[in-house]
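Undergrad: with the input below, show me the fold.
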Amino acid sequence: MRGERTDRNGPFLASEALRLGLEPARIVIVGDNPDELAAAMAEGVRAEACLVSGGLGPTHDDRTVEMLARALGRGLDVDEELERRIEAVSRAAAERLKRPYADFQAGVTKQATIPDGAIPIGLAGTAPGLLVEHDGGKLVVVLPGPPSELRRLWPNALETDAFRALLARTQPPGRRVLRFFGVSESAVARALADAGGDGGGVEATICARDFEIHVDLVVDPGAEERAETLEAAMLPPIERWLYSRDERPIEEHVLALLRARGLSMATAESETGGLVAARLTSIPGASDAFVGSVVAYSNEVKEAALGVAAELLAEHGAVSAEVAEAMACGARERLGADVAIAVTGIAGPGGGTEEKPVGLVYLHAEGPEGGVARELTFPGDRESIRARSAVTALHLVRRLLTRTRDEAV
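TA: Reported below is the predicted structural model:
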């Protein structure tokens with residue numbers, strides 16, 4: 001509510017609902033004010049499924065359970081079995097922290113106090129997940145706020161008889177995924193419109209994300225042929241920019257291409273400060289293809305760690321095509337990699353000149369069969385310029401790995 005954190009639970013639960021055949025209607029973010037929380041709960045429980053996260057702790061401002069009971073017109077009672085389980089966790093914490101259990105006791109009882117008829121679906125720390133069935137099959141699922149804890153307990157809700165009964169009344173839609181890079185959002189929208197647009201049981205969404213264009217086709221049962229026809233008509237003018245028909249991020253595609261060819265990869269990063277390497281290493285098992293990175297921010301590190309010649313830096317400057325190429329070749333040699341990508345640029349907000357403005361970025365990918373380069377000028381603030389540089393670097397590696405020997409990237 002104060003802008004200090006980004007909501008990760010709402011998008012996760014919405015995507016899960018869609019996957020299960022439940023149509024997400026809205027995501028509501030509400031603070032701890034009792035009246036506002038009660039109003040949000042009263043509206044939420046009208047839905048077939050209301051998925052709630054947060055506000056399950058032991059302190060006075062954790063009011064989710066209390067306000068849910070009010071919205072449902074139910075009483076609150078201590079679940080003795082749940083209290084025993086929370087007590088065991090709390091006693092262990094008290095012993096570990098060398099504090100008296102009495103410090104925890106009131107919070108334990110509070111967290112074990114649940115609406116009449118609620119079913120505990122597990123603990124994350126001392127916070128219980130709950131499921132409440134009401135009004136002839138409607139459900140409320142209450143989960144902890146920390147995203148890792150929410151995702152840990154979410155499968156438990158799906159395994160309950162009540163949730164299975166709800167899902168038995170749904171029919172999950174089909175879904176087609178198209179991922180593009182290098183084409184504008186307006187060009188994709190035009191291709192979709194020229195192909196006939198959505199409708200007829202097919203809902204199309206176009207989203208610019210991470211400097212890519214993501215197209216999702218949600219297909220109602222019985223509309224598969226319409227989706228096939230729409231996709232076939234839409235693709236010809238933009239197919240050259242299509243890089244994926246699944247939801248794997250670009251870093252996962254790059255790692256798969258490296259493994260398929262038995263190649264290893266390194267990065268040499270200045271402007272991005274390790275963002276390319278961070279994306280690659282976010283994928284489990286990346287170590288079988290990614291060997292390492294040099295974050296060469298200063299000229300001295302470019303020279304010492306990557307072997308970039310001082311004369312080259314003096315003649316062309318750190319932000320130049322020549323230095324990007326030298327960084328990539330140095331990373332291949334110094335880190336023993338088959339493929340390397342180098343990034344150097346000006347992310348701003350200062351440091352730009354008329355000749356080399358803020359947003360100017362040089363990329364160079366080098367592989368066993370030669371290298372490819374890009375000079376780009378990105379709009380935006382420092383964060384967006386760096387993010388766009390990182391994703392473009394990964395796509396340049398993808399193009400290098402998928403081109404034929406005689407094909408230009």
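
Undergrad: pull up the gap between the residue most central in space within the chain and Arg164, please.
TA: Compute the mean C-alpha point of the chain, and by CA atoms, centre = their mean the closest residue is Arg8, 8.6 Å away. Distance, Arg8 to Arg164, using CB to CB, to the nearest Å: 26 Å. C-betas here are computed from N, CA, C, even on glycine.

Undergrad: and Leu130, what helix or strand is that in?
TA: Taking DSSP states H and E as the criterion, Leu130 maps to strand 127-134.

Undergrad: contact partners of the next helix or strand after that strand?
TA: Tracing the chain past strand 127-134, the next element assigned as helix or strand by DSSP H and E is strand 138-143. By CB atoms under 8 Å, 6 or more residues apart in numbering, the surrounding residues in contact with strand 138-143 are 9, 44-45, 47-53, 56, 64-65, 68, 72, 118, 121, 129-134, 149-150, 153-154, 157, 162-163, 166.

Undergrad: now, which of those residues lie within strands?
TA: Among the contacts of strand 138-143, the members falling in strands (DSSP state E) are 49-53, 121, 129-134.

Undergrad: just the helices in the stretch 251-400 of the chain please.
TA: For the stretch 251-400 of the chain, helices defined by DSSP state H, counting those that start in this stretch occupy the ranges 275-281, 299-306, 310-316, 321-335, 382-402.

Undergrad: quick one: contacts for Arg19?
TA: Counting by CB under 8 Å, 6+ apart, Arg19 touches Pro172.

Undergrad: how far does the helix or strand encompassing it sit from the chain's center?
TA: Take DSSP H and E as the rule and Arg19 turns out to sit in helix 9-20. In terms of CA atoms, centre = their mean, to the nearest Å, the centre of helix 9-20 is found 13 Å from the chain centre.

Undergrad: same check, this time on stretch 154-173
TA: Mean-position distance between stretch 154-173 and its chain equals 24 Å (CA atoms, centre = their mean).

Undergrad: other residues contacting it?
TA: Defining contact as CB under 8 Å, 6+ apart, one finds that stretch 154-173 is touched by 13, 16, 18-22, 48-49, 119, 121-122, 129, 131, 133, 137, 139, 141, 143, 218-221.

Undergrad: filter those residues to the buried ones?
TA: Burial by neighbour count, judged by 16 or more other CB atoms under 10 Å, picks out 13, 16, 18, 22, 49, 119, 121-122, 129, 131, 133, 139, 141, 143, 218-219 from those.

Undergrad: which single one of the residues you listed is nearest to Leu255?
TA: Within these, proximity to Leu255 (CB to CB) peaks at Glu16, which comes in at 25.9 Å.

Undergrad: name the nearest residue to the closest one, sequence neighbours excluded.
TA: Nearest in space to Glu16, with sequence neighbours left out and distances taken as CB to CB, 6 or more residues apart in numbering, is Trp154 at 7.0 Å.

Undergrad: for stretch 237-257, what is the distance to the chain centroid?
TA: Distance of stretch 237-257 from its chain centroid, counting by CA atoms, centre = their mean, is 16 Å.

Undergrad: what mean pLDDT does that stretch get?
TA: In this model, stretch 237-257 has an average pLDDT of 97.

Undergrad: about what we covered before: and the helices of the stretch 251-400 of the chain: which comes nearest Arg259?
TA: helix 382-402 (10.6 Å).
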